[in-house]
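Q: got a predicted structure here, sequence first:
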Amino acid sequence: RISGIRRKAGGDELLRGDGAGTPQILLESPEEAGLAMHLVRLPEVLDQVEEDLLPHRLCEYVFELSGKFNQFYEACPVLRAPTDELRASRAALCTVTANTLRVVLDVLGLDVVETL
């Protein structure tokens, strides 16, 4: 879904994630806040995995992240956000989610699939 959003954004540099500067992330909906709060838990989860030697916790984290992103995707239009600031914020959440997925899947030894 994140790759689809980037493709649909076309020439909009901000939505592709290579625009100048980092937009401020606005958490105006419960879905945006839930996704953001889950994203910031990654360092804690990685520490737990290292300490307890339980890699399945990363799988649980990714599973929950996917669910939270789907909730965000359904409730918060990215490309059709009502303001430029909100569109940039939601695009940034998409970029952070994609990067987080890449990191966790890399740690698990899995490749990222861009399209299905």
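A: Perfect, thanks for sending it. Numbering: from 1, shown residues only.
Q: remind me which residues of the protein are low pLDDT?
A: Low-confidence segments of the chain (pLDDT under 70): 9-21, 114-116.
Q: looking at it, which helix is longest?
A: Secondary structure of the chain per DSSP state H: the longest helix is helix 84-107.
Q: can you list contacts of that helix?
A: Helix 84-107 is contacted from outside by 2-3, 5-6, 9, 14-15, 17, 19, 22-26, 28, 32, 35-36, 39, 42, 46, 58, 61-62, 65, 69, 72, 76-79, 81, 111-112, using Cβ atoms under 8 Å, 6 or more residues apart in numbering. To be clear about C-beta, it is placed using only N, CA and C from the backbone, and glycine gets the same treatment.
Q: return the distance of Thr95 relative to Leu39.
A: Thr95 sits 11 Å away from Leu39, going by Cβ to Cβ, to the nearest Å.
Q: neighbour-wise, which of the two wins?
A: Between Thr95 and Leu39, counted using other Cβ atoms under 10 Å, Thr95 has the larger neighbour count: 20 against 17.
Q: tell me how far the more buried one lies from Asp106.
A: Distance from Thr95 to Asp106, by Cβ to Cβ: 16 Å.
Q: then Phe72?
A: For Phe72, the distance to Asp106 equals 23 Å [Cβ to Cβ].
Q: settle it for me: which of the two has more neighbours?
A: Taking other Cβ under 10 Å, Phe72 and Asp106 do not tie; Phe72 has more neighbours (24 against 11).
Q: contacts only, for that one.
A: Neighbour list for Phe72: Glu31, Glu32, Gly34, Leu35, Arg90, Leu93 [criterion: Cβ under 8 Å, 6+ apart].
Q: cool, and Ala75?
A: Applying Cβ under 8 Å, 6+ apart to Ala75 gives the contacts Ser29, Glu31.
Q: which SSE is the nearest residue to Val49 once chain neighbours are set aside in?
A: Closest residue in space to Val49, ignoring its immediate chain neighbours: Arg57 at 5.2 Å, by Cβ to Cβ, 6 or more residues apart in numbering. Per DSSP states H and E, Arg57 falls inside helix 56-75.
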